[in-house]
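Participant: Model the following, please.
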Amino acid sequence: MDSKQVTHNPGRFKQQNKAHKTGRHRSKGEIDKSHKGKVGIKALTKKNKLNAQNKDQRKNRLNQIRKNKRDQILNKKRSIGSLSGCPHIVSIIPLSTDVNCMDVIEQINNSDPESKKKISDAGIYTLESPRFKSKYNFIIPNPMNTNAILDTLKVTDTCLFILSAKNGMDTFGESLFEMIYSFHLPTSLFIAQGIKNLPQKIQGLTKENLQKIINSKGFDSKVLTLDSDSDGLNLLYRISQHKLTESKFNSIRSFIVAEKVEFEPYKINSEMGTLKLYGHLRGQNLSANSLIHMPSLGTYQMSDIYTLKKIMDQENWELIEQADPSKQDSLETEAHYDEMNAEQTWPTEQELNDAQIRRVKKKVPKGTSEYQAAWILDSEEEEVTDDEDYDDDDDNEDDKENESFDEDDEDESIDDDFDSEEEMETLTIGAEQNNKYDENIDMDEEKTTLEKIREARSHAQFPDEVDTPLDQPARIRFQKYRGLKSFRTSPWDKNENLPLDYARIFQFEDIKKTFKKVSKERLDGAEAGQLVCVHIKNVPSSIQILPGHPIIAYGLLKHENKMSLINLKLKRVNLNLYNLPIKSKERLVYHVGCRRFEADAIFSQHSNGDKHKFERFMPEDCTFVASLFAPITFSPASVLVFKKLDNGDMVLIATGAVLSIDPNRIILKRIVLSGHPFKVSNKNAVVRYMFFNPDDVNWFKPVELRTKYGRRGQIKEPLGTHGHMKCQFSDSMKSQDTVLMNLYKRVYPKWAYSDRSNDFNNNHIM
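Facilitator: Numbering: from 1, shown residues only. I've put the predicted structure just below:
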């Protein structure tokens with residue numbers, strides 16, 4: 001017999017009782033359902049009280065945290081400058097032309113006779129001091145080479161600035177110090193050279209004056225002297241004990257300062273070979289599968305990484321990692337794209353026939369038929385193209401306006417010249433001197449500079465104003481422009497009508513997440529702090545290694561060799577050295593992180609929102625953004641911008657940092673069409689001189705108008721055939737007011753990237 005209990009199932013006709021009326025509040029059952037799985041705040045506090053630690057336990061926990069942090073800081077400090085770790089890199093920079101950096105090295109060497117001294121093939125002076133249990137690498141970059149100084153300071157732990165007892169800091173030192181301070185200023189010490197050569201009475205006063213110069217730069221460090229052995233020992237002690245300024249750019253990357261360089265050519269092809277760099281690995285770990293970038297040589301792939309192992313007082317180079325071709329990063333910088341893989345509209349038969357006909361403008365006799373003209377050869381044939389470069393027209397508009405603005409002044413000056421010729425006698429004095437003076441003047445450069453100054457002055461007086469052409473309809477001339485109801489809130493499609501250059505770059509869905517993922521990856525291979533030998537493959541034999549220019553190699557993060565659109569936040573400096581206006585898309589030299597290159601950037605306002613206004617000239621009094629095509633460099637990274645003069649000198653014109661890597665940044669160029677009220681009646685007005693035919697008025701009818709007095713209006717209808725139009729405004733109009741119409745179009749930077757890694761010229765700074 002089955003002992004399973006039989007349960008009762010209620011039937012379909014079971015009585016259904018009414019639900020309880022809880023009133024305005026919820027029932028307990030509903031509250032329990034809504035709070036299912038949640039824990040009340042009271043229960044949480046009770047739980048924390050039960051698990052709370054007593055006073056001794058909390059004290060012990062804080063002591064452990066403090067001890068771990070202290071040990072971490074000490075280990076990091078001991079890893080730099082110790083006898084068994086990476087040497088302390090010290091750069092010696094002169095701030096005056098009458099100081100001698102080699103005297104500083106000799107005085108330091110003589111101050112500690114027990115230390116071991118040697119000079120590497122790369123021109124690095126190494127000193128091992130058993131007294132301070134420290135090791136130092138002294139580097140003296142060529143002070144006349146901007147690239148050598150910047151490359152050295154990127155990896156410097158301590159910078160020694162040498163001041164002159166007679167001149168202190170001259171103009172050369174001022175410009176050099178400003179450049180270093182703007183880019184990356186490591187922990188600095190200031191040394192006065194030549195104090196002992198002065199009379200005893202003025203030595204103290206001279207040192208006080210030098211201290212005032214340092215304090216005026218914002219530094220509170222004491223000016224040191226290097227006139228005796230005790231001064232040299234004091235300097236070594238300060239270098240080994242003071243707090244170092246960490247470079248955030250170097251802390252997330254691996255880098256090597258080459259103490260020894262060897263080149264081994266290939267047997268098959270002697271023009272290529274393997275470059276071997278010997279030095280201590282700093283920063284992060286280095287993998288043979290990643291790319292390596294040398295600011296003075298370029299970007300290459302690695303083949304092997306060796307490290308020095310000591311076994312029974314014997315030193316042997318041991319292979320740590322060999323590159324895997326399947327995992328190695330590629331040297332390709334641009335994305336592959338298919339020109340036909342885009343929206344295509346198949347042309348009609350009429351369009352195909354028109355395309356086959358090559359329209360040519362020729363000079364032929366009157367009465368010549370089209371068939372006869374096709375057989376006439378003319379050397380002055382010009383092809384007629386329908387597509388015009390409107391961007392160039394926009395750039396040249398300001399020149400035309402300047403000519404019109406200066407016509408009256410030129411006429412007055414011509415009249416004055418005629419009057420002066422009638423009244424005065426012309427004499428030739430010092431003709432030979434004037435001819436010699438003119439030989440050094442480039443008239444083409446003078447005219448270009450004058451046009452640029454006039455254009456900048458016109459832009460400052462009438463920003464973005466453009467005259468409507470008389471010989472061309474405005475709807476054709478400005479067909480790429482559109483009106484916006486609100487610059488801040490009106491939508492603009494970021495993927496609309498992108499140029500073909502955007503198919504060559506890489507874009508990330510979230511660049512911040514990508515950087516976090518890349519920076520946290522722990523690479524296999526050589527560990528930081530080891531003495532390594534890196535083999536770099538496929539290096540041309542034509543490389544140059546100059547004295548005073550150390551070889552530095554950076555291990556690039558993933559994706560840092562791919563091209564994208566980089567936005568740089570900049571501010572203009574050194575207006576006293578170079579005050580000429582700088583146009584957008586002008587060729588400039590950029591130092592971004594560990595790279596240097598030339599590019600044509602476009603300038604825009606540094607503002608909030610999704611749209612940013614284009615700047616025709618580099619602003620002089622505010623922060624702005626420069627957008628350009630360049631290899632990806634993850635922030636934080638410092639930026640220096642130089643202008644190369646005709647004589648080869650480099651002028652620092654802007655400083656800043658990397659803002660973002662965002663190809664979707666919308667930069668809008670604005671033009672302003674102006675008109676004048678012809679007849680005014682309360683809120684209505686007839687406006688002329690904005691357009692010159694009724695078709696243009698109807699074309700731009702939906703665009704909102706504004707006035708210089710703050711009115712807003714709309715075009716109601718065209719009047720007549722000369723471009724007059726009836727407009728209605730939000731308030732009463734005044735006859736002296738000016739009617740304006742804002743039009744916008746999106747602009748893009750030029751693909752003009754040029755790597756300057758192999759530039760070893762002595763680019764002297766002004």
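Participant: Which residues belonging to stretch 151-165 are considered buried?
Facilitator: Neighbour-count burial for stretch 151-165 flags 151-165 (criterion: 16 or more other C-beta atoms under 10 Å). For the C-beta atoms, the positions are set from N, CA and C on the backbone; glycine is no exception.
Participant: Mind checking which of these land in strands?
Facilitator: Within the buried residues of stretch 151-165, residues falling in strands by DSSP state E are 158-164.
Participant: Save those residues as CSV, and put in pLDDT too.
Facilitator: As requested, those are exported to CSV (pLDDT from 0 to 100):
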residue, pLDDT
T158, 88
C159, 89
L160, 89
F161, 89
I162, 88
L163, 87
S164, 85
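Participant: With respect to Y125, which of those is nearest?
Facilitator: Y125 lies nearest to L160 out of these, by C-beta to C-beta, at 12.3 Å.
Participant: tell me the contacts of that closest one?
Facilitator: When contacts are counted by C-beta atoms under 8 Å, 6 or more residues apart in numbering, L160 touches 90-93, 104, 188-189, 191.
Participant: let's go with 10 Å and repeat that
Facilitator: Neighbour list for L160: 90-94, 101, 104, 108, 138, 140, 188-191, 224, 226, 235, 239 [criterion: C-beta atoms under 10 Å, 6 or more residues apart in numbering].
Participant: Next step: those restricted to helices.
Facilitator: Among the contacts of L160, the members falling in helices (DSSP state H) are 101, 104, 108, 235, 239.
Participant: Redo these as CSV? Include distance to P581 and neighbour count.
Facilitator: As requested, the ones in helices among the contacts of L160 are exported to CSV (distance: C-beta to C-beta, whole Å; neighbours: other C-beta atoms under 10 Å):
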residue, distance to P581, neighbour count
C101, 38, 17
V104, 42, 22
I108, 47, 27
L235, 46, 22
I239, 45, 23
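Participant: okay, now V589: neighbour count?
Facilitator: 23 (other C-beta atoms under 10 Å).
Participant: On the three-state scheme, it is what?
Facilitator: Under DSSP: H, G, I helix; E, B strand; the rest coil, V589 falls in the strand class.
Participant: Phi and psi next, for the closest residue to it other than its chain neighbours.
Facilitator: Nearest residue to V589 in three dimensions, chain neighbours excluded: F642, at 4.2 Å (C-beta to C-beta, 6 or more residues apart in numbering). When quoted as degrees, to the nearest 10, the phi and psi of F642 stand at phi -120, psi 150.
Participant: Could you report the neighbour count for F642?
Facilitator: 23.
Participant: Quick one: low-confidence residue ranges for the stretch 1-150 of the chain.
Facilitator: Under the criterion pLDDT under 70, the flagged ranges of the stretch 1-150 of the chain are 1-4, 39-52.
Participant: residue boundaries of the strands in it?
Facilitator: In the stretch 1-150 of the chain, the strands defined using DSSP state E, counting those that start in this stretch lie at 88-94, 116-119, 125-129, 134-139.
Participant: any chance of those strands in TSV, plus distance to K734?
Facilitator: As requested, the strands of the stretch 1-150 of the chain are arranged in TSV below (distance: least, C-beta to C-beta, whole Å):
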stretch	distance to K734
strand 88-94	62
strand 116-119	80
strand 125-129	76
strand 134-139	69
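Participant: Serialize those strands to TSV and add fields for mean neighbour count and distance to R756.
Facilitator: Formatted as TSV, those follow (neighbours: other C-beta atoms under 10 Å; distance: least, C-beta to C-beta, whole Å):
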stretch	mean neighbour count	distance to R756
strand 88-94	23	22
strand 116-119	12	29
strand 125-129	19	28
strand 134-139	23	22
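Participant: quick revisit: among the ones in helices among the contacts of L160, which one lies nearest to S82?
Facilitator: Checking the ones in helices among the contacts of L160 against S82 by C-beta to C-beta gives I239 as the nearest, at 13.0 Å.
Participant: Leaving aside the residues adjacent along the chain, what's closest to that closest one?
Facilitator: T158 is the one closest to I239 (C-beta to C-beta, 6+ apart), at 5.2 Å.
Participant: Spit out the contact partners of that neighbour.
Facilitator: Applying C-beta under 10 Å, 6+ apart, we find T158 in contact with 81, 88-92, 136, 138, 186-189, 235, 238-240, 242, 244-245.
Participant: ok, 8 Å please
Facilitator: Neighbour list for T158: 88-91, 186-189, 239, 242, 244 [criterion: C-beta under 8 Å, 6+ apart].
Participant: ok, of these, which one's closest to P469?
Facilitator: Lowest distance from P469 to the contacts of T158 (C-beta to C-beta) belongs to P186, with 56.5 Å.
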